[in-house]
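> fold the stuff below for me.
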Amino acid sequence: MDAATSTDPEVGLTAVVALRQLVEVLEELQVDNARVHGWSLRDIARRLGVTKQAVHYKHGFRQLLHSPRGRSTESTEATGGLCLATERVVEDDGSSPG
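Alright, predicted model coming up:
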């Protein structure tokens, strides 16, 4: 806690960066935990005080990568733009344009 309240700007700002990184790691961990326990993106968004779209934008792609066969663990909520576009890119072998 001394670093966060330091009068030295170098020390204080370094502490701010470390705290931001910790928050990102904790959010990722707890969103994954909530998904494992069956929470919807809407439930998670309400608890975080953001929109469902914000949660999907930030965490949806990671869930796509960790789900079986590259499919989202969401049924209808995560089948929106980013996941569908990502699936198309993953499934496209590059042999045909567009």
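> where are the low-confidence patches of this structure?
For the chain, the stretches flagged by pLDDT under 70 are 63-98.
> residue ranges of the helices in it, please?
9-36, 41-48, 52-66, 81-91 (DSSP state H).
> packing partners for the first one?
With contacts defined as 3 or more C-beta pairs under 8 Å, 6 or more residues apart in numbering; DSSP states H and E, the secondary structure elements packing on helix 9-36 are helix 41-48, helix 52-66. (Glycine included, C-beta is placed from N, CA and C.)
> and these as CSV, adding mean neighbour count?
Listed next are the helices and strands packed on helix 9-36 as CSV, based on neighbours: other C-beta atoms under 10 Å:
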stretch, mean neighbour count
helix 41-48, 16
helix 52-66, 17
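> the ones you listed into TSV, with extra columns for distance to residue 34?
Output for the helices and strands packed on helix 9-36, formatted as TSV (distance: least, C-beta to C-beta, whole Å):
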stretch	distance to residue 34
helix 41-48	5
helix 52-66	10
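> circling back to that earlier point, would you turn the helices of the chain into a markdown table with distance to residue 1?
What follows is the helices of the chain, written out as a markdown table (distance: least, C-beta to C-beta, whole Å):
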| stretch | distance to residue 1 |
| --- | --- |
| helix 9-36 | 9 |
| helix 41-48 | 25 |
| helix 52-66 | 28 |
| helix 81-91 | 39 |
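> of these, which is nearest residue 3?
helix 9-36 (3.9 Å; C-beta to C-beta).
> tell me what angle that closest one forms with helix 41-48.
Using axes from the mean of the first three to the mean of the last three C-alpha atoms, to 10 degrees, the direction of helix 9-36 lies 150 degrees away from that of helix 41-48.
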